[in-house]
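# A structural model of the following input is requested.
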Amino acid sequence: MTQRRTLCLLTATALLLLGAIAISSRGHADMVDMTGVEPWDGCGECHGLDGAGNHIKFPRLAGQKRVYIIKELFDFRAGRRRNDGGQMKQMATELNETDIPRVADWFASQTPPWPKLTIEAEPDMARARQLAMSGDAGIPACLSCHSEASLRLLDRAVDAPRLAGQRDYYIVKELNDFRDGRRGNDPDQMMSKIALRLTEADIVSLAVFLSQNPDMHDVVVP
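Predicted coordinates:
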């Protein structure tokens with residue numbers, strides 16, 4: 001009887017302790033005031049609330065195409081894009097589907113200063129202009145998909161991102177990710193095929209040219 005009573009007392013004590021912990025946890029959660037917190041506030045921890053990004057890792061989201069931001073957030077949620085070590089998948093999953101368009105609207109409307117050059121390598125600007133505006137053998141012009149004024153897009157639904165004014169470091173990173181297979185959420189693997197045809201010098205030159213010419217987003221190309 002003594003052992004049974006002792007076991008019952010220990011069990012009851014454990015249940016009381018678990019209950020107290022649960023109540024304490026709920027009470028702590030109730031103390032977190034989420035008033036005024038917007039869904040893009042969490043994004044701003046890395047990309048900046050103004051969407052300016054930084055030259056270390058995070059891209060500029062300010063002025064990015066709304067439809068592209070929405071697409072990428074859903075791609076991260078679904079695991080179609082996985083080249084970030086899982087951080088963006090977690091962040092995108094925490095956003096509900098009604099918040100994602102609001103996040104896209106916020107960053108698309110931001111207008112911080114355009115980024116300064118951070119790449120130290122000497123670019124071939126003539127080659128970069130050629131690749132961006134007219135392309136080369138087996139390489140379509142970058143701006144034929146990535147310019148808002150591209151004639152090629154008049155009758156096609158292409159959700160290609162804005163590159164003009166994007167951070168040079170990030171353009172290099174993404175082209176290398178496409179080329180090396182770390183990123184593969186491009187339609188029909190188009191960017192992967194193009195990136196394989198670019199040399200290291202081409203990638204650096206394009207990154208500098210596109211980053212430092214934000215007006216290229218509105219240039220008319222065939």
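# tally of neighbours for residue 92?
Per other Cβ atoms under 10 Å, the neighbour tally for residue 92 reads 19. C-beta coordinates here come from the backbone N, C-alpha and C atoms, glycine included.
# Also residue 78?
13.
# Give me the phi and psi angles of it.
For residue 78, the backbone dihedrals (degrees, to the nearest 10) come out as phi -80, psi -10.
# Flag every buried residue along stretch 137-150.
139, 140, 141, 142, 143, 144, 145, 146, 147, 150 (16 or more other Cβ atoms under 10 Å).
# Domains in this protein, by residue range?
Per the record, the chain has its domains at 1-32, 44-108, 125-218, by automatic domain parsing.
# about what we covered before: what's the closest of the buried residues of stretch 137-150 to residue 210?
Distance to residue 210, by Cβ to Cβ, is smallest for residue 142 among the buried residues of stretch 137-150, at 7.1 Å.
# so who does the closest one touch?
131, 132, 133, 135, 163, 206, 210 (Cβ atoms under 8 Å, 6 or more residues apart in numbering).
# ok, 6 Å please
residue 132 (Cβ atoms under 6 Å, 6 or more residues apart in numbering).
# how much space between it and residue 176?
15 Å (Cβ to Cβ, to the nearest Å).
# cool, and residue 189?
From residue 189 to residue 176 the distance is 16 Å (Cβ to Cβ).
# What of residue 75?
In terms of Cβ to Cβ, residue 75 sits 19 Å off from residue 176.
# While we're on residue 48, how confident is the model there?
pLDDT for residue 48: 97.
# Kind regards, and thank you for your time.
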